[in-house]
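Student: the following block contains a protein sequence and its predicted model.
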Amino acid sequence: MQPWQNHGHGRNQNSGQKQCAQGERPAFGERKHDGNDHINDWVDERPVEQNHLPFFKSGLHGRKGRLPFSFTRVKRHKHLFGILALAALAACRPEPQPQPWNSLTDVVDPEDLLLYEVNPRAHSAAGTIAGITADLDRIKSLNVNTIWLMPVFKMGQLKSVGSPYCVADYRAIDPEFGTLDDLKTLIAEAHERKMSVIIDWVANHTAWDHPWITQHPEWYTTNAAGTIVHPPGTNWQDVADLNFANPALQLAMIDEMKYWVFEVGIDGFRFDAADYVPFAFWKSAMDDLKGITDRKLLFLTEGERPDHYNAGMPLIYGWNWNYNLQQVFGTAQAPVTNLFTANTAETNASPAIRLRFATNHDQSAWEATPVTLFGGVEASFAAQAAAVLMGGVPLIYTGQEVGEAGTTSFFGKDPVNWSANPGLQERFGQLFALRLEYNALRYGALKPYSHPNVLAFERELDGERVLVLINTRSAAVTYNLPTALRDSDWTDLLRAEPKSLATSLTLAGHEVVVLAR
C-alpha cells in the first residue's frame, strides 16, 4: 500500500522503493495463554477427506504420463481369451468421474501458482460474490489454478472512504457483496473446477467502528496523548493502527484467520500491507497456520521485507521488478536490461518466490490499467508476457485480460466491459498454458540476451529450451540474433508452427515470440 494513498500499494512512484511506516513497533515476548485464550482449541468436525490419486496424469498438447502398469509381452494363443476378457471389461467400465476436492493434493505448490485477482466491485454489474461464481468457467478457461479474492468483510462506516480494506468485522461478509453462504458456494464451485481460493487479509489495521476499538483499546497504537491513531507514515485516515506489541492482539488475530480456514474452507491468505506488521507476529501466525495438517494452505505476502521468508512466507511481491517493467514498456523507454538487473537484485535480497505482475488493484486504480499505461492492447499483452514467462508467480487482475482501459476502482462499483477486445483473453490464457506445459518456464534457469529494445532470454531445464523474444517498443525492431541462436530450428508456441532462425529476426511493434526446442 502507498502511505500517501487510501489503501493503495506500497511503492514510491519516483524511486520504486517501499515506503515504510515511521518507527518500528517493539517485538512482543513469548506467547502466554490464559483462561480466555482459545487459539489452539479449534476442532474441525468435518469428516477428513481421503486422498484421491489420479489414475494417470495428462498434460497439454498431447503430453501424457504413463499408465501405472503395462503389458510387456503377450503370447497370442495362450493369452487370447484373457485379452478378449479384458477388452470386454474395459468396454463396460464407466467413464472416470471427477474426484472430490482434496486440499492436500489439489492445492498447488507456491511456485506453480497461476493467480487471478478478483475485484468483486468490478467483476460483475451486481458487484457481488455470486457474480464471481457465475464467471468461474471463464476464469478457469484462462488456465488459472488459484483465485485471490479481494476483501469482502463487513466494511466500516465511521470515517469511511469506501475501501474494502477498512474492516469492521473479520467474521462477517458485507451485505454489499452477499452472504457467507454465497462465499461458501463460490469456494465449493471453484474447488469443483480444481481452483483454490485465497482471501485478502488485513492485519495491520481495522475500521474505526470495529468492536475492538471499544472492547480492547489497548490493542491499538496511540499518540503521546493516548489517542488511537491511523497507521503512522500514511494518510490512511479511514483506519486505526493495531499495536502488535500486545500478545493478546496476536492471539485474537490468528484466531480470526483460523475461523476462515475451519469454518469457511478457504485455501489461504494474501496478507495486505505486511511490511507494516512486525516479524514476530508473522512468524507466530505462520507457525500456527502451518500446524494445520489436514490441509495445504497458500500464502501471498504484499511486502518485500527479506524476513518475510524467514517467517514462513514463501511468496512475496516484486515491486521493484514491476517498477522497472513500467519504465521499460512505458513512455520512459528505459533499457530492457533494467528488468534483468531488477530480477537479480530481488533474487539476491531473498530466497522467496516473487509475484510478477503487469498490474494489480492498486495500480489499475491509482495509476492506470496496462492498456492506458503502456499505450495499447498489444503493449499490455507484451508486458503481461514478460511477467508470465520471465519467472516468479504470474498474476491476472480483473479486466486486464480484456484490455480494460482507463482505471478500475475498488472503492465503488466499476464494472468491467467484458466484451472489449475479443480474442485477447484467449491469448492471456495461452500464456498461462505455456507455464503449465513447459517446466523450463517454471523452474528453468534464466539466460538473458542483451538488447536495448528487445527483451530476449532463454529458460532451460533438463534439455527443454524455451526462447522468449518481446519487442518492448511500438515500432518494428530487427533483432540480430546471438551466435548461439543462429541457424537453429524451433517450434513457435503461440502460432503452433515450425520456426527457423537465420541471423536476424524482425519483430513488429510489441510482438511476442515464444519458441521451444
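Tutor: All right, it came through fine.
Student: excluding its backbone neighbours, what's nearest Gln157?
Tutor: Leaving aside its chain neighbours, Gln157 sits nearest to Asp209 (5.9 Å; criterion: CB to CB, 6 or more residues apart in numbering). (C-beta placed from N, C-alpha, C; glycine too.)
Student: doesn't that neighbour belong to a helix?
Tutor: No - applying DSSP: H, G, I helix; E, B strand; the rest coil, one finds Asp209 to be coil, outside a helix.
Student: and it, what does it touch?
Tutor: Counting by CB atoms under 8 Å, 6 or more residues apart in numbering, Asp209 makes contact with Gly156, Gln157, Leu158, Ala168.
Student: can you show me the helices along the stretch 351-500 of the chain?
Tutor: Ranges of helices in the stretch 351-500 of the chain, per DSSP state H, counting those that start in this stretch, are 361-366, 370-374, 377-389, 424-437, 440-443.
Student: which residues sit against the last one?
Tutor: When contacts are taken as CB under 8 Å, 6+ apart, the neighbours of helix 440-443 outside the stretch itself are Glu111, Asp112, Leu389, Leu434, Arg435, Arg459, Glu460, Leu461, Asp462, Glu464, Arg465, Val466.
Student: the last one pairs with what?
Tutor: Looking back up the chat, that one is Val466. According to DSSP bridges, the residues that bridge with Val466 are Arg459, Ala516.
Student: roughly how far does Gly376 sit from Thr369?
Tutor: 11 Å (CB to CB, to the nearest Å).
Student: more crowded one of those two?
Tutor: Of the pair Gly376 and Thr369, Thr369 is the one with more neighbours under other CB atoms under 10 Å, namely 23 against 16.
Student: taking the contacts of helix 440-443, please make a PyMOL selection of just the buried ones.
Tutor: In PyMOL syntax, the buried subset of these is picked out as below (16 or more other CB atoms under 10 Å):
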select buried, resi 389+434+435+459+465+466
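Student: can you add distance to Ile353 and pLDDT and give the contacts of helix 440-443 back as CSV?
Tutor: Converted to CSV, those look like this (distance: CB to CB, whole Å; pLDDT from 0 to 100):
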residue, distance to Ile353, pLDDT
Glu111, 6, 96
Asp112, 10, 98
Leu389, 15, 99
Leu434, 18, 99
Arg435, 13, 98
Arg459, 15, 99
Glu460, 19, 98
Leu461, 16, 98
Asp462, 20, 97
Glu464, 20, 98
Arg465, 22, 98
Val466, 19, 99
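Student: in TSV: the contacts of helix 440-443, plus distance to Gly265.
Tutor: Listed next are these as TSV, based on distance: CB to CB, whole Å:
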residue	distance to Gly265
Glu111	24
Asp112	21
Leu389	33
Leu434	31
Arg435	27
Arg459	36
Glu460	39
Leu461	35
Asp462	37
Glu464	37
Arg465	41
Val466	37
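Student: let me know the closest of the contacts of helix 440-443 to Ala245.
Tutor: Among the contacts of helix 440-443, Glu111 lies closest to Ala245 (CB to CB), at 34.4 Å.
Student: who's in contact with the closest residue to that closest one other than its chain neighbours?
Tutor: Distances taken as CB to CB, 6+ apart place Ile353 nearest to Glu111, at 5.6 Å, with adjacent residues excluded. Listed by CB under 8 Å, 6+ apart, the contact partners of Ile353 are Pro110, Glu111, Pro314, Leu315, Ile316, Gly392, Val393.
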